[in-house]
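Asks: show me how the following folds:
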Amino acid sequence: MNPVPFVSAENYAAVCERLYAMKARGVSFGIDRMRAFAAALGHPERAVPALHIAGTNGKGSVAAMLAAMLRAAGKRTGLYTSPHLVRLGERVQVDGAPLTEAEIVAYVAELEPRAAELERGTPGEGPSFFEFMTAMAFLQFARRGCDAAVVEVGLGGRLDATNILTPAVSVITSIGLDHCEILGDTVEKIAAEKAGIIKPGVPVVMGRLPAGAEAVVRAIAAERGAPLRSVRAEFGEDLSAYPRPALEGDYQRLNAATATLAARVVAERFGLTDAHIARGLAEVSWPGRWQRARLADGRLIVLDASHNPEGAEALDGLLARLVAETGRAPIVVTGVLGVARARPLLEVVSRHAAEIHLARPQQARASSFEELEALVPPAFFVRGGRLARGAVETLFPGPGRCALGGAQDVIVVTGSIYLLGEVLARLEPERGRGEQRLQDF
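Replies: Below is the predicted model:
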């Protein structure tokens, strides 16, 4: 690829419009298009050994931990995750450095003619937005000479664009009821979709799954001759004995055990030692996961993506600890995509919050104020809780500022990761202008 040229804001904006038009065509699952796209590009996914991560919750955190461990071992490491928080380039990182605007412009210019050729060959079957981003990731990791790539599944596993990989290890972090309209309405059906990333003979690491889901994963691994190692079998049931990462929360200890086990499986291949694993856990950073920060006036603000029933369960314990730590109920800002996700979240939030401020993410699938208000339990109002509607730009009027509460109040932003991205873009403008339209699952 030619050296990346200077790119004006106008050029980048034009490219984003083209990517948005691609995204607006909708989500289309299946990996045949991605296989054809990768073949047209010379199969960049085969150039760098990969660690492939699927799961309902925890896959982003586990991916970040594994990337930190590999970097601690001195390996040039690619990391592909989705969705982004603020900027599109966050999805594709090499040693923690996201894709720049110039790199995105250059990749789009390179990939569009290849995509057009595929579209001409089979009308209506050109690469999707997510497949475009996945191709950028594979090309970036190959061209930057990465020693390893940690690749997070976008949605599901079996039909996800990333599933053209034959990785060094396949990881399934957790199984819960989320995206049921696409993946199935039982943990067993969802487990079968996630376990679609298991490849013949490739080792599998499994987090602590519900019994029915575990049985499905074990059966698929056995059928494909894939050696399986289980966090429950190797670390037991007591979370207090699990590795402790830099990220807060008991669920992060479970993620740390999953990442540790995966690292042990590939330790010989990548030269990982126990010291590298421990250092990676100590140094890992993953924004938006019980992320503590300070507002300009010194007040504590916590940002935590908690967007499904499993996440709400983890949030319950974290909020209880926060109340015990600070001696006061927090002011919570929340917004969610879908009633099935909103119900458990609002049940948890209402148990701990002094005030709940609803803010709709800029997403077509965002739950309405009326839907969210109907889900707040009556007990919240009985104990004097306050419920209000708001907008991100008024609740967070400038860098480091929040318009809610007084000098002693703690602010918690939780729910959709898209909402967190909008808030972070307001609080920390140095992250760049938020690119919410270029979001997906």
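Asks: tell me the secondary structure at residue 149.
Replies: Local secondary structure at residue 149 is given as strand here, using DSSP: H, G, I helix; E, B strand; the rest coil.
Asks: who's in contact with residue 85?
Replies: 287-288, 417, 420-421, 424, 431 (Cβ atoms under 8 Å, 6 or more residues apart in numbering). Just so you know, the C-beta spots here come from the backbone N, C-alpha and C atoms, and that holds for glycine as well.
Asks: each with direction, which strands does the host helix or strand of residue 302 pair with?
Replies: Here residue 302, judged by DSSP states H and E, is contained in strand 300-305. Strand 300-305 pairs in its sheet with strand 291-294 (antiparallel), strand 411-415 (parallel), by DSSP bridges.
Asks: now tell me what touches the last one from outside.
Replies: Counting contacts by Cβ under 8 Å, 6+ apart, the residues outside strand 411-415 that touch it are 295, 299-307, 315, 319, 322, 330-336, 342, 345, 349, 353, 361, 402, 404-405, 419-420, 423.
Asks: mark which of these are part of helices, please.
Replies: By the criterion of DSSP state H, membership of the contacts of strand 411-415 in helices covers 315, 319, 322, 342, 345, 349, 419-420, 423.
Asks: tell me the predicted confidence for the closest residue to residue 347 other than its chain neighbours.
Replies: Among residues not flanking residue 347 along the chain, residue 377 sits closest, at 6.2 Å (Cβ to Cβ, 6 or more residues apart in numbering). pLDDT, residue 377: 96.
Asks: contacting residues for residue 377?
Replies: Residue 377 makes contact with 346-347, 350, according to Cβ under 8 Å, 6+ apart.
Asks: show me what the helix or strand residue 370 falls within is packed up against.
Replies: Using DSSP H and E, residue 370 falls within helix 369-375. Counting contacts by 3 or more Cβ pairs under 8 Å, 6 or more residues apart in numbering; DSSP states H and E, helix 369-375 is packed against helix 339-352, strand 355-359.
Asks: mind listing what's buried along the last one?
Replies: Applying a neighbour-count criterion of 16 or more other Cβ atoms under 10 Å, one finds 355-359 buried in strand 355-359.
Asks: what helices and strands are in contact with that strand?
Replies: strand 331-335, helix 339-352, helix 369-375, strand 386-390, helix 392-395.
Asks: swap in 7 Å and give it another go.
Replies: If you count contacts as 3 or more Cβ pairs under 7 Å, 6 or more residues apart in numbering; DSSP states H and E, strand 355-359 packs onto strand 331-335, strand 386-390, helix 392-395.
Asks: mind listing what's buried in the last one?
Replies: Neighbour counts using 16+ other Cβ under 10 Å place 392, 395 of helix 392-395 among the buried residues.
Asks: pLDDT averaged over that helix - what is it?
Replies: Averaged across helix 392-395, pLDDT comes to 97.
Asks: now render the strands paired with strand 300-305 as TSV, adding mean pLDDT.
Replies: TSV is the format used below for those (pLDDT from 0 to 100):
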stretch	mean pLDDT
strand 291-294	95
strand 411-415	97
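Asks: of all those strands, which lies closest to residue 19?
Replies: Nearest to residue 19, of all the strands paired with strand 300-305, is strand 411-415, at 25.5 Å by Cβ to Cβ.
Asks: starting at the chain centroid, how far to the strand or helix carrying residue 10?
Replies: Per DSSP H and E, residue 10 falls inside helix 9-24. Remark: helix 9-24 is offset 22 Å from the chain centroid, using Cα atoms, centre = their mean, to the nearest Å.
Asks: give me the helices and strands touching it, please.
Replies: Under the contact criterion of 3+ Cβ pairs under 7 Å, 6+ apart, helix 9-24 touches helix 101-121, helix 129-143.
Asks: list the buried residues for it?
Replies: Quick answer for helix 9-24 (16+ other Cβ under 10 Å): 12, 15-16, 19, 22-23.
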